[in-house]
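Q: model the structure of this input:
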Amino acid sequence: MVKDTNKNIIGAMQNIGKELLLSFYEVKFRDESIKIYEVTKKHYVHLLIFLDNRQIGQIEKSLIRQNNLDQYTLFLLDKYSRFKDILILFVGYFDNWNYSGTGEFVMKKKEIVWEWTYSKANEKYNKKWLQENFDISEEHKLAIENEEMGLIVKILFVILGLAGLSVLVFAIVVRFN
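A: Below you'll find the model as predicted:
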């Protein structure tokens, strides 16, 4: 819960799992509720911010970390700047919940992670949204264009999936014979 200086509740954050392959974060601020969907593509976690089924912003987290420091960037349409402070608090909540390295001490460490998510939230991801609404660098545009999974990785993913399924079927057959 988020309270103002008079200790009145003005906001709250929670993770909601509504369907099998769709969960989202709900951030309430005063009398409005926004939904944040998480989509991971290669080197970026994209947190898609929606109000009334319309995308109003996006938070990006790089999966390239140096010295365990996470980097987030908030893109928010000017018309919705009233949500800026609560979204900054949400980033702290999200990072602590998902990426906290509590108790770790590192120096001169670089970590590069490739990750892709497959959920119904992927349907909400429009890789052109940032370019259409914000002036982003050419390097950033190129990173977004190159975030799709390559053919070799897809083939390996399918092979590993089939191998796992084969082991499961084998275990079931052995158990019932």
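Q: list the residues that contact the residue nearest to Gln14 when sequence neighbours are not counted.
A: By the measure of CB to CB, 6 or more residues apart in numbering, the closest residue to Gln14 outside its immediate chain neighbours is Glu26, 5.4 Å from it. Where you see a C-beta, it was placed from the backbone N, CA and C, and this is true even at glycine. Taking CB atoms under 8 Å, 6 or more residues apart in numbering as the criterion, Glu26 is in contact with 12-16, 33-36.
Q: then Asn133?
A: When contacts are counted by CB under 8 Å, 6+ apart, Asn133 touches 75, 77.
Q: ok, now Met13?
A: Contacts of Met13 (CB under 8 Å, 6+ apart): 2, 25-28, 89-90, 93.
Q: part of a helix, is it?
A: No: judged by DSSP: H, G, I helix; E, B strand; the rest coil, Met13 forms no part of a helix; its state is strand.
Q: quick one: it from Lys124, how far?
A: Relative to Lys124, Met13 is positioned 19 Å away (criterion: CB to CB, to the nearest Å).
Q: name the nearest residue to the residue nearest in space to the middle of the chain, sequence neighbours excluded.
A: Nearest to the geometric centre of the chain sits Glu38, at 3.2 Å (CA atoms, centre = their mean). Once flanking residues are discounted, Glu38 sits nearest to Leu47: 5.8 Å by CB to CB, 6+ apart.
Q: partners of the one you found in the sheet?
A: Leu47 forms beta bridges with Glu38, Ile59, as assigned by DSSP bridges.
Q: number of nearby residues for it?
A: 24 (other CB atoms under 10 Å).
Q: does Val39 touch Tyr125 like I think?
A: Yes: in this structure Val39 lies within contact range of Tyr125 using CB atoms under 8 Å: 4.5 Å.
Q: compare the two (neighbour count), which wins?
A: Val39 (20 against 17).
Q: gap between the more buried one and Phe24?
A: 11 Å.
Q: list the contacts of Glu60.
A: Contact criterion CB under 8 Å, 6+ apart gives 44-47, 72-73, 75 as the residues in contact with Glu60.
Q: 10 Å instead, please
A: Counting by CB atoms under 10 Å, 6 or more residues apart in numbering, Glu60 makes contact with 43-47, 71-75, 130, 136, 140, 143-144.
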